[in-house]
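Peer 1: okay, here's the prediction I keep looking at, along with the sequence it came from:
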Amino acid sequence: MTSPLAELRAGIDQADDELVAVLARRIRLTAEVGALKSRHGLPLYVPEREAQLLAGRREKATAAGVDADLIEDILRRVMRESYSAQGTDFPAAGDCSRAVVVVGGGGALGRCLASFFRRSGYTVRILEKDDWGQAPTLLADAGLVLVAVPIEHTLAVIAKLPQLPDDCILADITSIKQVPLKAMLDVHGGPVLGLHPMFGPDIKSLAKQVVVVCAGRDAQRCQWLIDQFGIWGAVVREELPDRHDRAMEMIQAMRHFTSMVYGIFLQRENADLDELMRLSSPIYRLELAMVGRLFAQSPELYADIIMAADGLPALLDQYRSVLDGLLKRVRNHQRAELIEDFNQARDYFGELAPALLRESSELLRKAHDASSPLRAVDPGPGTTRKA
């Protein structure tokens, strides 16, 4: 058996080498595509092209007797790298002779966005808390002033701005929109736009990243900034400020709060995190990973998001009511009633439930195939962790 097995393994190694060579050629081609897009001002991410490519390769895979899901999984991973390879330099949708001033550009997300403006050829200036004496000079010829400070300081910073050029866009990137928009409209008579980037500062590419846009004033003069996000590959979602804020109470504030509650609950129960990770299946490791992800980041950021959601206390009262009701079912061993509650929620999700099942199954396969399972990490010498 040794010789035939060795021959087969050698064949597999050769096929893998060929696959590496093919991927290298594809990366070179996508880099050329990126350069061409840059010269002609084309967007990085074109969803129609991606969908067409995936559908075509799925058909070819099926005809060749290869699992179509496998091919799609491979291609999506390859395309993610391709977007990064294409995203070295971008064309500018606006006037590069006008400065982009990022107020709070020393922060993580401010630095991230400033880097994208620089890659498109804009002159970027940073205005931090010690620079206000120079603010009139820094802002004198600005085409865009982007307020990128923590939520708790946003209104004070907006109120502190000196007079801006009449055609300068004043925009913010906070996770709430109604109150900052009103503040910007009050201090600036020119174009105003509310932005909410739905991503963190650790992203390498804006391809497929969502940016919510809330109109303030003079949409025509704001259009170049919206187009710029599209060129970078972002998916722009336009929304009314009040609807945005209501949605964020569910999408962000509620989820961050409940994740925080679960993490604090584990801490107070002195749960053994190593044991939980060791015994968890991929889905539970992912859930625990999302909780751990929150506690690996800035507590001030999440406190600000939670505290800024005015409707959150009422939502949490409703949430607690649901929790108390379900707890009563468990205490009273009301199995049939608990199943009926489940079925009502399932009917509410409707066709979205099986679609989300398929999407989550794909995530779980990737977690299961990871080179090393998620696990608790040694906190290091001199550090005590009870759980």
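Peer 2: Now that the structure is in, tell me what you want to look at. No experiment lies behind these values; they were computed from the predicted model shown.
Peer 1: three-state assignment of residue 94?
Peer 2: coil (DSSP: H, G, I helix; E, B strand; the rest coil).
Peer 1: which element, helix or strand, includes the residue nearest to it when sequence neighbours are not counted?
Peer 2: Using Cβ to Cβ, 6 or more residues apart in numbering and skipping the chain neighbours, the partner closest in space to residue 94 is residue 224 (4.0 Å). The C-beta positions use only the backbone N, C-alpha and C, and glycine is treated the same way. Under the criterion of DSSP states H and E, residue 224 resides in helix 219-231.
Peer 1: repeat for residue 30
Peer 2: Using DSSP H and E, residue 30 falls in helix 2-40.
Peer 1: what helices and strands are in contact with that helix?
Peer 2: If you count contacts as 3 or more Cβ pairs under 8 Å, 6 or more residues apart in numbering; DSSP states H and E, helix 2-40 packs onto helix 68-86.
Peer 1: the helix it packs on packs against which elements?
Peer 2: Under the contact rule (3+ Cβ pairs under 8 Å, 6+ apart), helix 68-86 is packed against helix 2-40, helix 47-63, helix 352-368.
Peer 1: just the angle for the helix or strand just after that helix relative to helix 219-231, thanks.
Peer 2: The helix or strand immediately downstream of helix 68-86 is strand 99-103, counting by DSSP H and E. Going by axes from the mean of the first three to the mean of the last three Cα atoms, to 10 degrees, strand 99-103 is angled at 80 degrees with respect to helix 219-231.
Peer 1: mind checking how far the helix holding residue 30 is from the chain centre?
Peer 2: Chain-centre distance of helix 2-40: 30 Å, with Cα atoms, centre = their mean, to the nearest Å.
Peer 1: same question for stretch 244-252.
Peer 2: Centre to centre, stretch against its chain (Cα atoms, centre = their mean), the figure for stretch 244-252 is 15 Å.
Peer 1: show me which residues of it are buried.
Peer 2: By neighbour count on 16 or more other Cβ atoms under 10 Å, the buried set for stretch 244-252 is 244, 245, 246, 248, 249, 252.
Peer 1: so the residue nearest to residue 94 versus residue 40, what's the distance?
Peer 2: 17 Å (Cβ to Cβ, to the nearest Å).
Peer 1: what about these two, which has more around it?
Peer 2: For residue 224 versus residue 40, neighbours defined as other Cβ atoms under 10 Å are more numerous around residue 224 (16 against 8).
Peer 1: ok, the more buried one touching residue 93?
Peer 2: Yes. Counting by Cβ atoms under 8 Å, residue 224 does reach residue 93; the two are 4.6 Å apart.
Peer 1: quick one: list the elements packing against the helix or strand harbouring residue 182.
Peer 2: In the assignment (DSSP H and E), residue 182 maps to helix 178-187. Counting contacts by 3+ Cβ pairs under 8 Å, 6+ apart, helix 178-187 is packed against helix 151-160, strand 169-172, strand 192-197, strand 210-217, helix 241-248.
Peer 1: output those as JSON lines; include the columns distance to residue 346 and mean pLDDT.
Peer 2: Shown next, in JSON lines, are those (distance: least, Cβ to Cβ, whole Å; pLDDT from 0 to 100):
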{"stretch": "helix 151-160", "distance to residue 346": "36", "mean pLDDT": "94"}
{"stretch": "strand 169-172", "distance to residue 346": "39", "mean pLDDT": "98"}
{"stretch": "strand 192-197", "distance to residue 346": "31", "mean pLDDT": "98"}
{"stretch": "strand 210-217", "distance to residue 346": "27", "mean pLDDT": "97"}
{"stretch": "helix 241-248", "distance to residue 346": "23", "mean pLDDT": "96"}
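Peer 1: which of those sits closest to residue 83?
Peer 2: strand 210-217 (14.8 Å; Cβ to Cβ).
Peer 1: where in this structure is the helix or strand with the lowest mean pLDDT?
Peer 2: helix 352-368 (a mean of 79; mean pLDDT, DSSP states H and E).
Peer 1: can you list contacts of that helix?
Peer 2: For helix 352-368, the external contacting residues (Cβ atoms under 8 Å, 6 or more residues apart in numbering) are 69, 73, 282, 283, 285, 286, 346, 349, 374.
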